[in-house]
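[1] A structural model of the following input is requested.
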Amino acid sequence: MTTDAALALSELADDRTLLGRTSTAERVASVLRERIARGALRPGVRLSEERICGALGVSRNTLREAFRLLTHERLLVHRLNKGTFVRVLSAADIVDIYRTRRLIECAALRELGSPPYRVHEAEAAVSAGEKAAAEGRWRDCSTANIHFHQALAGLAGSARTDDLMRGVLAELRLAFHIMDDPRRFYEPYLTRNREIVRTLEAGDAPEAERLLGFYLEDSRRQLIEAYPEQPAE
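    Purely as a prediction, here's the structure:
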């Protein structure tokens with residue numbers, strides 16, 4: 001296990017309070033999903049049942065059910081006689097994820113009614129990303145970017161869309177680790193995130209959707225060009 005993976009697992013103890021008094025598999029899955037979305041658990045990392053159970057104070061049965069939920073979401077993969085691992089994506093996965101993102105995010109903007117729009121969450125995510133970039137915290141910048149896109153999908157006002165988008169973005173985070181120069185990848189999108197927010201604040205949802213469409217295509221192409229050839233799990 002890598003040093004980063006060991007640190008990420010040790011930090012799970014901090015999330016124990018999030019489980020409340022009734023520790024369910026769904027809550028455990030939510031904690032692990034968030035860790036993946038934040039980049040703390042990287043693709044290919046083996047997840048230790050003993051360490052996670054100890055950190056979160058849950059039973060093996062509860063943890064294994066959480067693993068099954070996240071495997072169904074394509075975030076984890078179980079390998080016979082080897083254990084459970086954070087999934088490694090293929091280039092085909094990236095293409096499909098971006099297709100799904102366009103269906104969700106662009107549709108959320110397309111279906112907006114009359115302005116003004118509630119963009120405070122998107123604005124907060126953009127500001128957090130700009131602050132992280134200014135301080136050279138590029139992993140935090142990536143997390144802020146994930147929150148920005150979650151906020152865009154959230155404009156649909158649908159709990160089901162929110163849940164779907166959380167899974168899609170957590171899965172996408174698995175692909176971001178291949179970028180050797182995170183600053184070069186994320187920095188241009190900070191400006192584009194800000195532009196989309198300003199366009200929504202001006203009440204021009206169609207233009208915001210147009211900007212987002214080009215944005216997603218550029219991001220998809222950039223990832224695919226950098227992505228190594230490998231089979232899907």
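[2] Please make it C-alpha for all contacts and neighbour counts, starting now.
    Will do.
[3] Show me this structure divided up by domain.
    3-86, 91-226 (automatic domain parsing).
[4] model confidence over the shortest one, on average?
    Across domain 3-86, the average pLDDT comes to 84.
[5] Just give me how far that domain sits from the chain centre.
    Here domain 3-86 is found 15 Å from its chain centre; the criterion is C-alpha atoms, centre = their mean, to the nearest Å.
[6] show me where this protein has helices.
    3-10, 25-37, 49-56, 60-72, 91-101, 107-110, 120-134, 138-154, 159-176, 182-201, 205-226 (DSSP state H).
[7] Next, the angle from the fifth one to helix 138-154.
    If I follow you right, that is helix 91-101. Angle of helix 91-101 versus helix 138-154, following axes from the mean of the first three to the mean of the last three C-alpha atoms, to 10 degrees, is 40 degrees.
[8] Remind me what helix 91-101 packs against, helices and strands.
    Under the contact criterion of 3 or more C-alpha pairs under 8 Å, 6 or more residues apart in numbering; DSSP states H and E, helix 91-101 touches helix 159-176, helix 205-226.
[9] any chance of the ones you listed in TSV, with mean pLDDT and distance to E121 too?
    Shown next, in TSV, are the helices and strands packed on helix 91-101 (pLDDT from 0 to 100; distance: least, C-alpha to C-alpha, whole Å):
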stretch	mean pLDDT	distance to E121
helix 159-176	88	13
helix 205-226	94	16
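[10] Among the ones you listed, which comes closest to P43?
    Closest to P43 of the helices and strands packed on helix 91-101, according to C-alpha to C-alpha: helix 159-176, at 5.8 Å.
[11] Any chance of the helices of the chain in TSV with mean neighbour count and distance to K82 as columns?
    TSV is the format used below for the helices of the chain (neighbours: other C-alpha atoms under 10 Å; distance: least, C-alpha to C-alpha, whole Å):
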stretch	mean neighbour count	distance to K82
helix 3-10	15	17
helix 25-37	20	20
helix 49-56	18	12
helix 60-72	18	14
helix 91-101	17	23
helix 107-110	19	41
helix 120-134	19	37
helix 138-154	23	29
helix 159-176	19	20
helix 182-201	17	31
helix 205-226	16	29
